[in-house]
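Colleague: Compute the structure for the input listed below.
(3 chains)
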Amino acid sequence: MSDPFTFQMLVNYLIIGAGLMALGTLGFLSRRNMIVMFLSAEMMLQGTALTLVAFGRYHGNWTGQIFTIVILTVAACEASIALALILILFNRKSSLDVTLWNEIREPGQPAIVEDPAEAEATEPVPGVESYPVLTPAGIEPEHQTWTVHRD
Amino acid sequence: MTEFLIHNAWIVPILPLIGGICAAVGGRWLKGNSHFPVVAGIGLAFVASLFLLLGEAGHAQPTPLGWIEVAGLTIPFQFRVDGLTTMMLSMVTFVASLVAIFASGYMAGDPGYPRFFAVFGMFVSSMAGLVLSSNFALTYVFWEGVGVCSYLLVGFWHSKPSAAAAAKKAFLVNRVGDFGFAIGLFWLWSVTKNHDLSYDAVFDATNLATIGHGALLGITLLFFWAATAKSAQVPLYVWLPDAMEGPTPVSALIHAATMVTAGVYLIARSTPMVVLVPEVQATVSVIGCITALLAALIALTQNDLKRVMAYSTVSQLGYMFMGLGAGIGGLASFAVVGAMFHLFTHAFFKALLFLASGSVMHSMGGVIDMRRFSGLRKKMPITCITFAIGAAALMGIFPFAGFWSKDEILAALKLASHESEGLKGFYPEIYIAVYWTAIVTAALTAFYTGRAFFMTFWGEEKLPSPHDPEADPAEDAAHGHGHDDGHAHEIGHESPPLMWIPLAILAVCAFGIGGLLGPTGLFAHHVEHTPGLAEIEGAAHHEFDYATAIISSAGALIALAVSYLFYGRKSTIPAQLAERFRPAYLASLNKFYVDEIYAMVILGPLKFLVATAAFFDTVVVDNLVLAAAWIPRLFGRYVLAPFQNGLVQFYAAVTALSVAGLLFVFMWLSLS
Amino acid sequence: MYTFEIVRAIAVIVLGATGTWLLLPHRHGRVKPAASNLAGAALSLIALILLATLWRAPSNLLNGVFFYAFGIAALAGGVLTVTSRNPIYSALWFAAVVLATSGLFLLSGAQFLAAGTIIVYAGAIIVTFLFVIMLAQREGRATYDRMARSPGRATLTCFLLFWTLLYALISVRSPHSDAAAEGDMQVRLVRASQILQSKQMVPTKGNASVVVRALSPTNKLPEAEPHASALGQHVAGLGGALYTDHLITVELAGSLLFVALIGALMLATPKPPVRPGSSSQPPV
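Modeller: Numbering: from 1, shown residues only, chains lettered A, B, ... in the order given. Okay, here's the model as predicted:
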């Protein structure tokens, strides 16, 4: 408890906060899986929260923590909405790929189509495939018409 | 009361305006009663102007109100009360109130009833302001107001193409004249002392002496140019006959009281200037003479009753200008009074004739072609008698109003030929030629007026039917000029009291007013009080010219008798004459092809210019604009559009890169 | 010293960018050689250690050890979250990031936040997990997880951002402490005398605690106000600050949560998509 929160300590925290922020941005920009993008956004929020808490501690008041609480609240709201959105987006296209959602482009611009062949090949797993394979059994439930599967 | 009114003369023009505004704003609720505020406003204005007329002594200037005050130009909003003004004002408001009462019967059931009366009120208001204003600039404002209102009224049935065209023609021709007025006004402003445009300052003898002959000549000619448009003189008279397309009360108002008298009033008001340039006076007289003769010749063969009346108006206005131009030297006062007296009496009998024609038209279900009806004296006795009185006044038959006023003009012309003998040039010859032409024109006037009267009211009784050979096939659709509200009155009845009572009043005036005011000198005495007229040297020689009176009356009576012979009974003489002199007949019937010549000489080159400009606009200017628009378009298409590729992550990357760049710039700025 | 720090920072950026770029999934349609992954990991690790040398160790040894551990864990977890091919691993690494951040919160004296973050994000992570399992492709690794969107450009952007921040942080100098605290003390004394006057109180033993409680600031951390804050330490202090100075914020946050709940319910309820051209009306 006798450890004073010096300016150097503040800089330490801020560097970590900046690093988390930058890594979150990297994930958000480069990963195409919407869930990973969502996690990256959360990571950026973590970086910000860390910065705020450190500033609050350095200045000796509660404001940073109260900001962080607000951020936490907003993050919770964001999470609920984002997951709901991801759910319905998945229902539309049966895919979490964010590249599929590029209809807001300028008219006349070519749509960006990814060639799956360019993807990194999966590493060959040595030995037998470890996933269990279950035989379908029972009555097949009625498929909902609004789900479009892209197999 | 009189004092109060003289000092608050603005009440007179404001009353019809208030009536008009009431009709315009409240027309939705007043509907068929929209005429009440307007009739009341004009009637009250008439009462007020009677006070002014009787109480006016010399001339009084009511308090001025500030209007335009910029460096070098101070124009007050000021009215003035003098002899000429009160005379014009009483005449205008009197005739206008009678016409308004007539119109409330004539226009009944028209869908645009409130609109009609709103514009009517404004029209009368503009005219009252025009004759009341005490400086040229204010006169010009009301001059334009009269033009606008006449446009609105002539084009009242604007869904009818011919009415819309007529309104446009009236307005454009008037614009041509207004242009002259405006230029004259600027010129006058630049040469007059202190740049003061008020009548008093301009007509001041010392001021006029400083202006110089050339400038006076130019200014007065420009004013006369404006007057030829407003008062329908050669070469700008072409709009007036077409203005028949408006409702008949409007025609009555335009022809008798308001619009066309404005030009005559302007020249009469400018007399102190005009009298200094005999060249302009002679021009005015000659133009008036040519107009009078030409219009009379055209009127001889027209079949449309209202059109005959329209050309007779043009012709009579020509008379007035002849009179105005005859004021050589000491004659000025006499000649101008004569012209104004003719204007005064003409207002009454021409209003009467027009309203009577309107009554005939109303009764004939909108048909105005004289070949399609005849012998109406049994069906419409009141209209017949009042029309006869008006016609007699127009012919100048003793003792009707027209006789006295026309005679004064002829006398003035005759005197002018003597008076001008001292001047250099051919003035005596000119004036004597004008004099004799005027007498011939008087005979022609009598002939065509008699022709119109006999064709309409004499002969065997005949009502228009759609099977007439002259019937316009499109007429059934436009039947009755908008009287399509379903009250299908049967054709051939006497008009309702609301319409014939104004006729009767006007008939009394047309009969008596000339003899009452002319020989007794009441009118001359009143008008001569006008500043500017009174000061001209050499008082008027008031002497009745018996020789002229006898010659012109004899001519008129002979012409009347001939017209009775031709048209009062069944006769083939007119047809034979028309066959014999076919080119002359056709020329007259087609108005001497003046419209066609104008179309070729003026409209043709203009249309070519317009087409060239349109071509330039569409080909050159439009393409330049389009080319300018292409640059941002190309930039957007090939530089900016690829950024909008629809990828969320791309947008986010651009945002992040921008943030990083901004941070970098800020940091660099703050550290360096 | 300063120049050396700059050099190290540049090294961190360059090595980190290269390592992360190597670790990210690329689009060449082949199996990525293990050496490339290894090189990436090694470079990233070196960058991380270099970054850690930029930190100043706290005076307290225990604090120092935990700080370094949590800091390195947070950043390493971040790199792994971003670069994992499998979203399940991503979620797990993100959990590690959250845990490390919570540790850092604890170290900076934000106990409530540390607990709160773990609780909230634990819920979020579990839900995310459910989602990943529910929506994951049969193979476990969808093609889009094995193809990053332009990894080079993204890495450049992000490390440029990081470089900007890092440069700002290492080049800034410690500000001088000011005498604001003493001025604050003066104001507080004036306020105390005013309260006593207006209530016409005679300072006695009974009402002394009331005055102290009324005067004690709500916005001060217990570390900054070591002299017996009557509002209690840490969590109680945060509660005091929340419900006195930031009451409306709390209300707003509650309303926001409620609205978000309704919004999420509205969004997630299954309904047929409205497509242009489809004539069928959506069921009411």
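
Colleague: Get me the contact residues on chain B for chain C.
Modeller: Within chain B, the positions adjacent to chain C are B:647, B:649-650, B:653, B:656-657, B:659-660, B:663-664, B:667, B:671 by Cβ under 8 Å from any Cβ of the partner chain. For the C-beta atoms, the positions are set from N, CA and C on the backbone; glycine is no exception.

Colleague: from the residues you listed, which would you call buried?
Modeller: Applying a neighbour-count criterion of 16 or more other Cβ atoms under 10 Å in any protein chain shown, the buried members of those are B:647, B:649-650, B:653, B:656-657, B:660, B:663-664, B:667.

Colleague: Considering the residues you listed, which member attains the minimum pLDDT?
Modeller: Ranked by pLDDT, these bottom out at B:M667, which has 80.

Colleague: I'd say that residue and C:T164 touch.
Modeller: Yes: counting by Cβ atoms under 8 Å, B:M667 does reach C:T164; the two are 6.5 Å apart.

Colleague: in what helix or strand does B:G66 lie?
Modeller: Following DSSP states H and E, one finds B:G66 within strand B:65-70.

Colleague: how far does that strand sit from the chain's center?
Modeller: Remark: strand B:65-70 is offset 29 Å from the chain centroid, using Cα atoms, centre = their mean, to the nearest Å.

Colleague: Can you pull out the residues in contact with it?
Modeller: Contacts made with strand B:65-70 from outside it, assessed by Cβ atoms under 8 Å, 6 or more residues apart in numbering or on different chains, are listed as B:74-78, B:137-138.

Colleague: Out of those, which one has the lowest pLDDT?
Modeller: Within these, B:T74 has the lowest pLDDT, namely 77.

Colleague: ok, the helix or strand hosting it: who's next to it in the sheet?
Modeller: Take DSSP H and E as the rule and B:T74 turns out to sit in strand B:73-77. Partner strands for strand B:73-77, per DSSP bridges, with pairing direction: strand B:65-70 (antiparallel).

Colleague: shouldn't B:F453 be in contact with B:G390?
Modeller: No: with contact defined as Cβ under 8 Å, B:F453 does not count as touching B:G390 (9.3 Å).

Colleague: Of these two, which one has the most company?
Modeller: For B:F453 and B:G390, the more surrounded residue by other Cβ atoms under 10 Å in any protein chain shown is B:G390, and the numbers stand at 32 against 29.

Colleague: which residues touch the more buried one?
Modeller: Contacts for B:G390 (Cβ under 8 Å, 6+ apart) come out as B:349-350, B:352-353, B:356, B:506-507, B:510.

Colleague: okay, among those residues, which ones form the most distant pair?
Modeller: B:K350 and B:A507 (12.6 Å; Cβ to Cβ).

Colleague: Of the two, which one has the most company?
Modeller: The neighbour count for B:K350 versus B:A507, taken as other Cβ under 10 Å, is higher for B:K350 (30 against 24).

Colleague: Show me the residue at the heart of the chain, geometrically.
Modeller: Since you didn't name a chain, this refers to chain A. A:F38 (2.0 Å; Cα atoms, centre = their mean).

Colleague: Chain C was what I was after
Modeller: Taking Cα atoms, centre = their mean, the centroid of chain C lies closest to C:T101, which sits 6.3 Å from it.

Colleague: in the stretch 1-150 of chain C, which spans are helices?
Modeller: Using DSSP state H, counting those that start in this stretch, the helices of the stretch 1-150 of chain C run over C:2-23, C:34-54, C:61-83, C:87-107, C:111-135.

Colleague: Pick the most buried one from the ones you listed.
Modeller: Mean neighbour count (mean count of other Cβ atoms under 10 Å in any protein chain shown) peaks for helix C:87-107 among those, with a mean of 22.

Colleague: and the direction of it versus that of helix C:111-135, what angle?
Modeller: Angle, helix C:87-107 to helix C:111-135, by axes from the mean of the first three to the mean of the last three Cα atoms, to 10 degrees: 180 degrees.

Colleague: thinking again about what came up before, biggest separation within the residues of chain B next to chain C, which pair?
Modeller: Of all pairs drawn from the residues of chain B next to chain C, the greatest distance, 35.1 Å, lies between B:L647 and B:L671 (Cβ to Cβ).

Colleague: Tell me how many other residues crowd the residue of the stretch 51-200 of chain B found nearest chain A.
Modeller: Nearest residue of the stretch 51-200 of chain B to chain A: B:S159, at 45.2 Å (Cβ to the nearest Cβ). If you count neighbours by other Cβ under 10 Å, B:S159 ends up with 10.

Colleague: swap in B:V38?
Modeller: B:V38, neighbours per other Cβ under 10 Å, totals 33.

Colleague: wait, isn't it in contact with B:L17?
Modeller: No: contact between B:V38 and B:L17 fails when scored by Cβ under 8 Å: they sit 9.9 Å apart.

Colleague: would you list the contacts of B:G390 in CSV and tack on secondary structure, distance to B:T271 and pLDDT?
Modeller: Listed next are the contacts of B:G390 as CSV, based on DSSP: H, G, I helix; E, B strand; the rest coil; distance: Cβ to Cβ, whole Å; pLDDT from 0 to 100:
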residue, secondary structure, distance to B:T271, pLDDT
B:F349, helix, 25, 91
B:K350, helix, 23, 91
B:L352, helix, 29, 91
B:L353, helix, 29, 91
B:A356, helix, 34, 90
B:L506, helix, 29, 89
B:A507, helix, 32, 90
B:A510, helix, 27, 87
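
Colleague: helices or strands up against the helix or strand in which C:T155 is found?
Modeller: In this structure, C:T155 sits in helix C:151-171 according to DSSP H and E. In terms of contacts (3 or more Cβ pairs under 8 Å, 6 or more residues apart in numbering or on different chains; DSSP states H and E), helix C:151-171 is packed against helix A:7-30, helix B:648-671, helix C:2-23.

Colleague: near chain A, anything from the shortest one?
Modeller: Yes: applying Cβ under 8 Å from any Cβ, one finds helix C:2-23 in contact with chain A at C:T20.

Colleague: ok, now which ones touch B:T456?
Modeller: Applying Cβ under 8 Å, 6+ apart to B:T456 gives the contacts B:305, B:360, B:370, B:373-374, B:376, B:387.
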